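> this is a predicted model, with the sequence first.
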There are 4 protein chains.
Amino acid sequence: MTQARAPRADAVRNRRKILTAAGEQITQHGPEVGMDEIAAAAGVAVGTLYRHFPTKTDLVAAVVAECVARVADDAEAVLARVADGARAADELTAFLGRVIEQSVTDRAVKAAAQTLGAEPGDHVDEDRGSNAVAAVIRAGQSDGDIHPDVTVSDIYLLFSTAPTDQPPAARGRWLALVLPGLTTGARPVGNRC
Amino acid sequence: MTQARAPRADAVRNRRKILTAAGEQITQHGPEVGMDEIAAAAGVAVGTLYRHFPTKTDLVAAVVAECVARVADDAEAVLARVADGARAADELTAFLGRVIEQSVTDRAVKAAAQTLGAEPGDHVDEDRGSNAVAAVIRAGQSDGDIHPDVTVSDIYLLFSTAPTDQPPAARGRWLALVLPGLTTGARPVGNRC
Amino acid sequence: MTQARAPRADAVRNRRKILTAAGEQITQHGPEVGMDEIAAAAGVAVGTLYRHFPTKTDLVAAVVAECVARVADDAEAVLARVADGARAADELTAFLGRVIEQSVTDRAVKAAAQTLGAEPGDHVDEDRGSNAVAAVIRAGQSDGDIHPDVTVSDIYLLFSTAPTDQPPAARGRWLALVLPGLTTGARPVGNRC
Amino acid sequence: MTQARAPRADAVRNRRKILTAAGEQITQHGPEVGMDEIAAAAGVAVGTLYRHFPTKTDLVAAVVAECVARVADDAEAVLARVADGARAADELTAFLGRVIEQSVTDRAVKAAAQTLGAEPGDHVDEDRGSNAVAAVIRAGQSDGDIHPDVTVSDIYLLFSTAPTDQPPAARGRWLALVLPGLTTGARPVGNRC
DNA sequence: AATGAATGAGCATTCATTCAT
DNA sequence: CATGAATGAATGCTCATTCAT
């Protein structure tokens, strides 16, 4: 298990440029941007792009994977704060809100993932996130703030249905509508809209 | 001289075949199905398809309009039952569930509508549905079963975010998670998943 | 050889409407107007149009034939005036100018004829025109005003190359440039442009 | 760092093949030849054709530009000979004849240019030609062989109306008819036809 | 390993023409 | 006879992907 044949310093740099550019392009113009456009935005030729990602689907999957990693980081930070004494239910709520806001930017990415049936390449980051969220949920349930039957799947389910393409007011209202299903706290009153 | 002078019985039949086929094709293969494919599925030539719908966007708009009309019919039926003494909150819940199930079929249609920026031609059916749902909500609020701040927009917001592409179990769970945001009743326990 | 089965009064009317409409449409929008458009302009259905002219080429040919007939009428009027004592060279010059101006309107028609390789159906009118022009030329040659080697073909050749799509100034200048090739008179000086 | 960094020897070759093929196809079948047909004639795929000329209009414009360049070259050669002592009026006449003959090949190209509203990209070649012709005209006028009011526009006007679609005999006759409008020399007698 | 030219199936749309009503 | 719905080949153009340089 030596490393995979190291010194492609520029190849690594290219991969980064491509992923960044792909994220931006897809976010801005939707998943139907051409590969040529992404390549141009990354400052490489299409050929190079295809060397790194043999298929458009693969590229999109990689972009999606990055999202997942970012969310996992957030989830682990949440868990750390909860371990430090923060209230789990509050943190989870805030987390939910944050992820939704992030998805707004990445809406097209989500669409892309669906459209192309992109599968996240490796599940490492997904698992990191899941484990952290699970721990937070357990903490909230111990506090009596989160319904005992709530699971990580529920959180994912809500993520995947967040109204990312709606105006901020609608997103806020949606969170208010959905929260009572998770927490035992008093129902917040009609967040605008 | 009242009729629109139309002995084109077969033209009407074709229009129906096209709308049906378009709904099916879009549902099954997403909004990027070719017009040729839709035409083939409808058993007509492309030209015929274009005679009835001058643009792909128009076709999709028509398909969407049908969905809306169906939902509006359902909403009015609900209202009728409520007027007949049925419990508004229960009816609303069932209605929500039914629409979600229906959307499963029409998920791609919804996507298509968004993708192509299709505008529903006339808003008559949309308004029919809205009015009926509003009346049902008011009834539920009088009963004390529906939260006083719930509006028709909330219902639409939930429709538009329903997990139509998830397995049935997930859809059921989603409904369970979302209901407490609408109704005052006891929270139902974890519908599987 | 009785007549061809007479009483289609409305059929005759339709034929006229179609020819007129076709002329207008082709003139205004060029020869690539659709048959549907022509039919609509004529106030009939395409089917009717096709009953009268089995092919688009045929329609165009008929429109062209009408042009030819108009020119032939003009030529015969010219001949009549010459027989009445008018100066043949002057009349011919004016005739040339008139036909060119007329072609301006019918430019698209000319293009259509070329594009579709339309053949004038019967040559009756063509011959009428030719005979009249020939007689006028002979008269002018007797006067010594028209070069002895000028023929009807020359006139046709010039017709067919008139700059119908140029501004009036250019058309005038063209006539001035071309006239010395026909007449023996003093060369007119640079008609603008 | 002077060159445009271009080792695409084959791309250049393809561009040439495409231009040649396009010229031929348009000449033979008119401007409505399909892009596919042109591509096939050039021995490349449509995509390649579109890489070189993003639009049919662009292709046609390029083909037309080549014509213009060829004529400009001819005009400059004429001017050179005149400067060397050749008789300007004779050279101009011969030039006119040559261009007409060349236009025979490019007749459809001209039509195509009109049809598609193709604009010659840069006017460099057009100006080269104009300047050379203007100088030749001036020389002929000094000799007293060309009418003093003749301008470059006149030459262009005649070019644009040359009977390129007529048989050779007609083209010769046309030249004979038109020449007296330009030159002061004795009128040539009826060149056949 | 990077480049970018080439490929070609695919797409939405048009239109002359046919034929059932 | 007229109508207009149906046909389907054709068109200009796009874009994921391959491959010679």
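In hand now; what should we look at? Numbering: from 1, shown residues only, chains lettered A, B, ... in the order given.
> drop to CA atoms for contacts and neighbour counts, all remaining ones
Will do.
> does DNA strand F have contacts with the worst-scoring helix or strand of chain A on mean pLDDT?
Lowest on mean pLDDT, DSSP states H and E among the helices and strands of chain A sits helix A:88-116, with a mean of 84. No - Helix A:88-116 stays clear of DNA strand F (C-alpha under 7 Å from any atom of the strand), getting no nearer than 10.1 Å.
> the very next helix or strand once past that helix packs against which elements?
Going down the chain from helix A:88-116, the next helix or strand is helix A:124-143, by DSSP states H and E. With contacts defined as 3 or more C-alpha pairs under 8 Å, 6 or more residues apart in numbering or on different chains; DSSP states H and E, helix A:124-143 has these neighbours: helix A:56-83, helix A:88-116, helix A:152-161.
> thinking again about what came up before, the least confident helix or strand of chain A vs DNA strand E: in contact?
No - using C-alpha under 7 Å from any atom of the strand, helix A:88-116 never reaches DNA strand E; the gap is at least 14.5 Å.
> same check, this time on stretch A:14-24
Yes - Stretch A:14-24 comes into contact with DNA strand E (C-alpha under 7 Å from any atom of the strand), by way of residue A:14.
> in that stretch, what's buried?
Using 16 or more other C-alpha atoms under 10 Å in any protein chain shown as the test for burial, stretch A:14-24 gives A:14-15, A:17-24.
> where's the dip in pLDDT among these?
Minimum pLDDT across the buried residues of stretch A:14-24 is recorded for residue A:14, with 88.
> give me the element it is part of.
Using DSSP H and E, residue A:14 falls in helix A:9-29.
> near DNA strand F at all, that helix?
No - residues of helix A:9-29 are not located near DNA strand F by C-alpha under 7 Å from any atom of the strand, the shortest gap being 10.9 Å.
> following element in sequence after that helix, please.
Following helix A:9-29 in sequence order, the next helix or strand is helix A:35-42 (DSSP H and E).
> check what contacts that following helix and list those residues.
By C-alpha atoms under 8 Å, 6 or more residues apart in numbering or on different chains, the surrounding residues in contact with helix A:35-42 are A:14, A:17-18, A:20-22, A:25, A:45-46, A:49, A:56.
> is there any residue in that helix that contacts DNA strand E?
No - remark: helix A:35-42 sits outside contact range of DNA strand E, by C-alpha under 7 Å from any atom of the strand, the gap being at least 8.5 Å.
> residue contacts, residue A:92?
A:78, A:136-137.
> residue A:158 too?
Residue A:158 neighbours (C-alpha under 8 Å, 6+ apart): residue B:174.
> number of nearby residues for the closest residue to chain D within chain A?
Chain A approaches chain D most closely through residue A:36 (12.6 Å), counting by C-alpha to the nearest C-alpha. Applying other C-alpha atoms under 10 Å in any protein chain shown, we find 14 residues neighbouring residue A:36.
> do residue A:82 as well
Neighbours of residue A:82 (other C-alpha under 10 Å): 20.
> gap between it and residue A:185?
Residue A:82 is 18 Å from residue A:185, where distance means C-alpha to C-alpha, to the nearest Å.
> one more: residue A:150?
In terms of C-alpha to C-alpha, residue A:150 sits 14 Å off from residue A:185.
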